[in-house]
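In: curious how this folds, go ahead:
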Amino acid sequence: MRLRLLEATVQCLAEHGWAGTSTTLISQRAGVSRGAQLHHFPTKTDLVVAAVEHLTLVRGDELALAAAALPTGPRRTRAVLEMLGDHFTSDVFVAALELWVAARTDPALLAVVGPFERVTGRETHKLTVEMLDADESQPGSRELVQATLDLIRGLGLANTISNDQARRSRILDRWAAVLDDELPRRSKEQG
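Out: Numbering: from 1, shown residues only. Coordinates of the predicted model:
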């Protein structure tokens, strides 16, 4: 029941936004009574805190599974960018984005969301370094990896307003070529 409530919270945040998400709506979406919801999470803040923790785990698991399925050899860089692009346009990302925006003006929510996002950001950066085989001991490498994440996160943000798949695909094609040319790698094989 707890997991159903957490997953319903993520779905409601993605579909209705922070302002449109209520504990009543979450309970209905999860198919549990309001009393059962209150038993597990007495307040919306309690539910959101648990949902933030859940989102952090789900986002990490999704990225790790997708990373394990990446091809090797030619076009790996483009496949990494595509995988990250899919992640940053997923419902989990949209729900996280809703929490970021709400946390901007809610100090109590920021106190919860901020630390989780810092951990998620570090883990996503580390995973991206591994997927791209980036040699961060070389000048400019760390910045290229972070620019990659910032670019793709921005494309995901733009996608919340309108589906921009064709433009996003062209941008990722070009950025893959830039990374293949410019990103210092630990091994000789690139692409």
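In: which element, helix or strand, includes the most centrally placed residue in the chain?
Out: Taking CA atoms, centre = their mean, the centroid of the chain lies closest to residue 93, which sits 4.3 Å from it. Per DSSP states H and E: residue 93 is located in helix 91-104.
In: next one: the helix or strand following that helix to chain centre, how far?
Out: As assigned by DSSP H and E, the chain's next helix or strand after helix 91-104 is helix 107-132. When C-alpha coordinates are averaged (CA atoms, centre = their mean, to the nearest Å), helix 107-132 and its chain have centres 9 Å apart.
In: so how far is residue 111 from residue 117?
Out: Residue 117 is 12 Å from residue 111, where distance means CB to CB, to the nearest Å. Yep, even glycine has a C-beta here, placed from its N, CA and C like the rest.
In: quick revisit: other residues contacting the helix holding residue 93?
Out: By CB atoms under 8 Å, 6 or more residues apart in numbering, the residues outside helix 91-104 that reach it are 9-11, 13-14, 17-18, 21, 48, 51-52, 55, 58-59, 62, 87, 109-110, 112-114, 117, 156-157, 160.
In: buried ones in that helix?
Out: 92, 93, 94, 95, 96, 97, 98, 99, 102, 103 (16 or more other CB atoms under 10 Å).
In: what sits against residue 52?
Out: Residue 52 sits in contact with 99, 112, 113, 116, where contact means CB under 8 Å, 6+ apart.
In: what's the closest non-adjacent residue to the second one?
Out: Computed as CB to CB, 6 or more residues apart in numbering, the closest residue to residue 112 that is not its neighbour in sequence is residue 49, at 5.1 Å.
In: just the element for the one you found, please.
Out: Going by DSSP H and E, residue 49 is in helix 44-68.
In: and that helix, average pLDDT?
Out: Throughout helix 44-68, pLDDT has a mean value of 83.
In: tell me which helix or strand in this structure has the weakest average pLDDT.
Out: helix 44-68 (a mean of 83; mean pLDDT, DSSP states H and E).
In: how about that one: buried residues?
Out: Under 16+ other CB under 10 Å, the buried positions of helix 44-68 are 47-52, 54-56, 58-59, 62-63, 66-67.
In: please apply the same query to stretch 26-36.
Out: Neighbour-count burial for stretch 26-36 flags 26, 27, 29, 30, 32, 36 (criterion: 16+ other CB under 10 Å).
In: how about low-confidence regions in this protein?
Out: Applying pLDDT under 70 to the chain picks out residues 188-191.
In: which one of residue 117 and residue 111 is surrounded by more residues?
Out: residue 117 (18 against 11; other CB atoms under 10 Å).
In: surely residue 83 touches residue 70?
Out: Yes: between residue 83 and residue 70 there is a contact under CB atoms under 8 Å: 6.4 Å.
In: the two: which is more packed in?
Out: Taking neighbours as other CB under 10 Å, residue 83 and residue 70 compare with residue 83 leading, 20 against 14.
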